[in-house]
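Colleague: can you look at this prediction? I've put the sequence above it.
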Amino acid sequence: MAVLGPLSRISRLGCNLCRNHRLVLNRSSQKRGISSGIDPSYGLTDEQKEFQKVAFDFAANEMAPHMAEWDQKEIFPVETMRKAAQLGFGGIYVRPEVGGSGLSRLDTSIIFEALSTGCVSTTAYISIHNMCAWMIDTFGNDEQRKKFCPDLCSMEKFASYCLTEPGSGSDAASLLTSAQRKGDHYILNGSKAFISGGGDTDVYVVMCRTGSKGPKGISCLVVEKGTPGLSFGKKEKKVGWNSQPTRAVIFEDCAVPVTCRLGNEGQGFNIAMKGLNGGRINIASCSLGAAHASVLLARDHLLVRKQFGETLANNQFLQFKLAEMATKLVASRLLVREAATALQENRADAVSLCSMAKLFVTDECFNICNQALQMHGGYGYLKDYAVQQFVRDIRVHQILEGTNEVMRMIISRNLLTES
Ligand SMILES: Cc1cc2nc3c(=O)[nH]c(=O)nc-3n(C[C@H](O)[C@H](O)[C@H](O)COP(=O)(O)OP(=O)(O)OC[C@H]3O[C@@H](n4cnc5c(N)ncnc54)[C@H](O)[C@@H]3O)c2cc1C
């Protein structure tokens with residue numbers, strides 16, 4: 001496995017304990033879990049290993065050195081993301097004829113897992129942007145695809161996904177933003193809450209009501225920044241995910257050409273859910289990267305921190321905890337990769353597996369990162385140590401793109417209705 005970002009970062013920051021400790025940290029960071037069973041490159045094709053290495057290197061060199069600063073100063077790293085796009089990460093599963101990389105869902109997961117070791121928040125935004133680009137590529141007509149996708153794949157332009165509203169979160173199909181047709185335009189009124197990238201992005205993929213109540217009355221429109229009647233709320237202050245802005249997106253008599261509708265009227269909710277199936281794998285993959293990095297950070301800390309006359313690594317309770325973290329990490333990865341394969345193959349179980357992956361992996365990986373923080377003792381609570389940022393950044397993965405309670409609803413509904 002290539003250099004892991006947070007490890008190079010922690011080596012650079014050093015450790016507050018002592019010089020020897022710092023040196024040992026540097027040395028032990030050379031061991032990256034290759035023989036311990038947690039190496040994410042096992043079982044991959046040579047090609048997958050290649051782009052995984054590219055993503056790990058990008059995470060280590062372009063993201064990890066800035067991860068803490070982006071968090072603390074709330075910087076949206078536009079130029080870094082454009083560099084990522086030059087490597088093909090702006091439209092990973094978008095078709096090549098409109099500028100995408102044309103890779104599979106599994107390939108995408110491998111890339112997001114690796115990138116998130118360098119900065120979860122930035123990678124998670126890139127994953128939402130990829131989801132929007134895929135929605136336009138898949139459900140747009142040729143004109144729409146050619147208009148929007150090349151600039152999104154190069155990240156010349158950035159995209160946001162607009163489903164949630166102040167009054168409709170988990171019950172997304174009850175959304176109220178209205179789009180009334182007047183001639184060759186829709187007139188949008190309403191507001192979207194919690195929109196990732198909102199205000200700083202250029203292209204808004206908006207779910208809105210063109211028909212009756214419920215999911216069948218929803219359509220999907222692409223709204224460009226600068227359209228009269230489109231405005232944004234204040235930037236939200238968040239626990240994590242600070243390298244990407246979150247704002248309300250507001251529509252007041254906002255006229256959008258009918259030619260900007262993706263698919264047919266009434267197809268919008270279906271398009272939104274199809275986007276989210278892949279989005280859930282991507283978010284779970286971002287959690288995997290954070291958990292992998294955190295396991296290695298915890299391992300390195302246990303190997304050097306001494307209490308009661310010996311290193312913490314000699315304590316069996318902590319050894320067992322570390323073993324559980326590593327085991328849950330690998331189980332999580334297997335589930336993500338199975339779900340990605342199911343989605344790629346359009347299998348009947350894909351929706352359930354994507355939900356299972358999101359539920360299991362975001363819960364388990366949060367617990368892994370949190371346990372890694374605990375193993376650092378008080379140091380884990382200091383912002384000099386990367387582990388606290390992984391904990392803060394992945395907490396929200398249990399909430400968005402469908403809460404983990406909603407994932408349970410999807411999984412059980414599919415199970416109960418197939419008999
Ligand atoms: C940082 C951040 C970024 C986001 N980015 C985006 C974005 O880019 N685009 C977008 O559209 N949305 C975005 N969201 C919104 C996110 O998807 C919603 O917050 C999420 O879907 C939950 O909706 P809610 O916050 O309204 O919670 P609610 O729906 O009010 O739920 C509150 C709690 O009740 C639980 N609950 C609700 N109904 C049930 C039930 N029937 N059974 C059991 N439990 C239930 C929920 O699981 C949750 O724990 C973002 C949110 C955050 C925090």
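Modeller: Nice, thanks for sending it over. Residues are numbered from 1 along each chain as shown.

Colleague: top helix in this protein by residue count?
Modeller: Across the chain, the helix with the greatest residue count (assigned by DSSP state H) is helix 268-304.

Colleague: does the ligand sit close to that one?
Modeller: No: for helix 268-304, no contact with the ligand is found by CB under 6 Å from any ligand atom; the gap never falls below 8.4 Å. The way it works is simple: take the backbone N, C-alpha and C, and place the C-beta from them, glycine included.

Colleague: pLDDT on that helix, on average?
Modeller: Averaged across helix 268-304, pLDDT comes to 98.

Colleague: so where is this protein shaky, pLDDT-wise?
Modeller: Applying pLDDT under 70 to the chain flags the ranges 1-34.

Colleague: so which residue of it lies furthest out from the middle?
Modeller: Among residues of the chain, the one most distant from the C-alpha centroid is Gly309; the distance is 41.7 Å, by CA atoms, centre = their mean.

Colleague: returning to what we had before: what's the following helix or strand after the longest helix of the chain?
Modeller: Using DSSP states H and E, the helix or strand that follows helix 268-304 in sequence is strand 306-307.

Colleague: shouldn't Ser191 be within a helix?
Modeller: No: according to DSSP: H, G, I helix; E, B strand; the rest coil, Ser191 belongs to no helix; its state is strand.

Colleague: that one touches Thr164, doesn't it?
Modeller: No: using CB atoms under 8 Å, Ser191 is not in contact with Thr164, being 10.1 Å away.

Colleague: tell me the domain ranges of the chain?
Modeller: Following automatic domain parsing, the chain resolves into domains at 5-153, 159-268, 273-417.

Colleague: distance of the nearest residue in space to Glu62 that is not next to it in sequence relative to the ligand?
Modeller: Of all residues not flanking Glu62 in the chain, Thr80 sits nearest, at 5.5 Å (CB to CB, 6 or more residues apart in numbering). Applying CB to the nearest ligand atom, to the nearest Å, the value for Thr80 to the ligand is 20 Å.

Colleague: and what of Asn242?
Modeller: 10 Å.

Colleague: for that residue, helix, strand, or coil?
Modeller: Using three-state DSSP, the structure places Asn242 in coil.

Colleague: minimum distance to the ligand, which residue of the stretch 1-150 of the chain gives it?
Modeller: Ile128 (5.7 Å; CB to the nearest ligand atom).

Colleague: kindly report the same for the stretch 101-250 of the chain.
Modeller: For the stretch 101-250 of the chain, CB to the nearest ligand atom, closest residue to the ligand: Gly169, 1.8 Å.

Colleague: before we move on, back to that, wait, the residue nearest to Glu62 sits on Thr122?
Modeller: Yes: contact criterion CB under 8 Å: Thr80 and Thr122 qualify, at 7.0 Å.

Colleague: which residues do those two both contact?
Modeller: Shared contacts of Thr80 and Thr122 (CB atoms under 8 Å, 6 or more residues apart in numbering): Met63.

Colleague: more neighbours: these two, which one.
Modeller: It is Thr122, of Thr80 and Thr122, that has more neighbours when counted by other CB atoms under 10 Å, with 30 against 21.

Colleague: excluding chain neighbours, what is closest to that one?
Modeller: Ranked by CB to CB, 6+ apart and with sequence neighbours excluded, the top spatial neighbour of Thr122 is Ser243, at 4.8 Å.

Colleague: tell me which stretches of the stretch 251-400 of the chain form strands.
Modeller: 261-262, 306-307, 310-311 (DSSP state E, counting those that start in this stretch).

Colleague: nearest to the ligand, of those?
Modeller: strand 261-262 (15.5 Å).

Colleague: Val223 touches Met207, doesn't it?
Modeller: No: counting by CB under 8 Å, Val223 sits too far from Met207 to count as a contact (11.1 Å).

Colleague: overlap of the contact sets of these two?
Modeller: Common contact partners of Val223 and Met207 (CB under 8 Å, 6+ apart): none.

Colleague: quickly note the distance from the residue of the stretch 251-400 of the chain found nearest the ligand to Val258.
Modeller: Nearest residue of the stretch 251-400 of the chain to the ligand (CB to the nearest ligand atom) works out as Leu400 at 3.9 Å. To Val258, Leu400 is 30 Å away according to CB to CB, to the nearest Å.

Colleague: ok, Ile281 next?
Modeller: Taken as CB to CB, the span from Ile281 to Val258 is 32 Å.

Colleague: figure out how far stretch 361-377 is from the centre of its chain.
Modeller: Stretch 361-377 sits 18 Å away from the centroid of its parent chain (CA atoms, centre = their mean, to the nearest Å).

Colleague: check whether it comes near the ligand.
Modeller: No: using CB under 6 Å from any ligand atom, stretch 361-377 stays clear of the ligand, coming no nearer than 12.5 Å.

Colleague: buried set for that stretch?
Modeller: Neighbour-count burial for stretch 361-377 flags 361-366, 368-373, 375-376 (criterion: 16 or more other CB atoms under 10 Å).

Colleague: assumed Cys220 was part of a strand.
Modeller: Yes: under three-state DSSP, Cys220 falls within a strand.

Colleague: leaving out sequence neighbours, find the closest residue to it.
Modeller: Residue nearest to Cys220 in three dimensions, not counting chain neighbours: Gly268, with 3.7 Å by CB to CB, 6+ apart.

Colleague: can you give me the helices in this structure?
Modeller: Listed in chain order, the helices of the chain (DSSP H) span 5-13, 19-28, 46-58, 67-73, 78-86, 105-116, 120-139, 142-153, 268-304, 316-344, 350-375, 386-395, 404-417.

Colleague: okay, those helices in TSV with distance to Tyr186 next?
Modeller: Shown next, in TSV, are the helices of the chain (distance: least, CB to CB, whole Å):
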stretch	distance to Tyr186
helix 5-13	43
helix 19-28	57
helix 46-58	39
helix 67-73	36
helix 78-86	30
helix 105-116	32
helix 120-139	16
helix 142-153	15
helix 268-304	11
helix 316-344	31
helix 350-375	29
helix 386-395	36
helix 404-417	28
